[in-house]
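Novice: what follows is a protein structure lacking sequence information:
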């Protein structure tokens, strides 16, 4: 082989490698990165997977609402996700501006693993007393036998905020002793990271009880019917969650909550979950972010109920779609 041919082949290989490297770089740069709430993670991951065929590539990390908000404020992600609306003090740190909108709804189940307890019904007082440690045995609930093992979140969590916010609405004692927040000082129990972690501990611990998004109630886990404000015992479901979420009125930042909603059909621990995007500073990625979020608020909503979530409807959905238009370059 001549020197000229060797140089030609080497040049061709180098050019090809450069082309592959450039293409890989473009592909990587076109993948959006999001992080936050574990509560909606199965919905987000399924929604973004279904969007891949449309050229929408999203890497969503289920790290919990607290970590998601911190990463969003630090500017290390393209978008954040949280089950508790961003606080004004946190939003003030985001110089690029915050576009916040609800993405889907859901119910927080009190899930338990006790084969000897079928069809558990909890009054609001009983639910509080279990997590305060005042009810220690299944016999006290007249459902099964043995010690009750409480499981809660160990990380900062919007699921925890929504759950403890409802317990505070149910009970002045809970509000006084524990209160509500992404992280609280639990009176007892063992902690798991993310909804996934809590569900895992519950599944592996007979006699356990804890709180998770309804979507994580499967296998050995069952959901308790919880007494609502109207006095009825209601299971978490798409229907009971939708009835509850219809009571929520959103403010100018599209934030809103009702920790103990009215209505005979309402499941009492129901919540929206939010996406946090930047109003500016997105550059060439702005169009991709809008496309991804419009998919989340468009075709993906039709799959929400199949995954155990409550799809957005009416004025809430319209307001969310309008907010996406504020995501600029």
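Specialist: Yep, that arrived. Nothing here was measured: the structure is a model prediction, and the numbers come from that model. Numbers count the residues shown, from 1 in each chain.

Novice: wait, residue 34 sits on residue 81?
Specialist: Yes. Using CB atoms under 8 Å, residue 34 is in contact with residue 81, at 6.2 Å. In this view, the C-beta of every residue, glycine as well, is placed from N, C-alpha and C.

Novice: hey, where'd the helices end up in the stretch 51-200 of the chain?
Specialist: 65-74, 88-91, 124-132, 158-170, 172-177, 194-203 (DSSP state H, counting those that start in this stretch).

Novice: can you tell me which of these is most buried?
Specialist: helix 158-170 (a mean of 25; mean count of other CB atoms under 10 Å).

Novice: for residue 84, what are its contacts?
Specialist: The contact partners of residue 84, taken as CB atoms under 8 Å, 6 or more residues apart in numbering, are 65, 158, 161, 162, 182.

Novice: sorry, slip of the keys, the one I care about is residue 168.
Specialist: 174, 175, 178, 179, 180, 259.

Novice: one more pass at 7 Å, please.
Specialist: Counting by CB atoms under 7 Å, 6 or more residues apart in numbering, residue 168 makes contact with 174, 175, 179, 180, 259.

Novice: quick check: closest non-adjacent residue to residue 182.
Specialist: Once flanking residues are discounted, residue 182 sits nearest to residue 156: 4.3 Å by CB to CB, 6 or more residues apart in numbering.

Novice: could you double-check that the one you found sits in contact with residue 181?
Specialist: No. With contact defined as CB atoms under 7 Å, residue 156 does not reach residue 181; the gap is 8.6 Å.

Novice: nearest to residue 293, out of the helices of the stretch 51-200 of the chain?
Specialist: Counting by CB to CB, residue 293 lies closest to helix 65-74 out of the helices of the stretch 51-200 of the chain; the figure is 14.2 Å.

Novice: one step back: most widely separated two among the contacts of residue 168?
Specialist: 179 and 259 (12.3 Å).

Novice: which one's more surrounded, the two?
Specialist: residue 259 (20 against 13; other CB atoms under 10 Å).

Novice: what sits up against stretch 136-146?
Specialist: Residues contacting stretch 136-146 (CB under 7 Å, 6+ apart): 114, 116, 117, 120, 126, 135, 147, 148, 207.

Novice: PyMOL command to pick out the buried ones of the residues you listed?
Specialist: A single PyMOL command selects the buried members of these (16 or more other CB atoms under 10 Å):
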select buried, resi 114+117+120+126+135+148+207
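
Novice: and the furthest pair within the contacts of stretch 136-146?
Specialist: 116 and 126 (17.5 Å).

Novice: apart from its neighbours in sequence, what residue is nearest residue 278?
Specialist: residue 96 (4.2 Å).

Novice: measure stretch 30-44 end to end?
Specialist: 18 Å (CA to CA, to the nearest Å).

Novice: what sits against the residue nearest to residue 182?
Specialist: Residue 156 neighbours (CB under 7 Å, 6+ apart): 64, 65, 66, 67, 182, 183.

Novice: repeat for residue 163
Specialist: Neighbours of residue 163 in contact, by CB under 7 Å, 6+ apart: 108, 211, 269.
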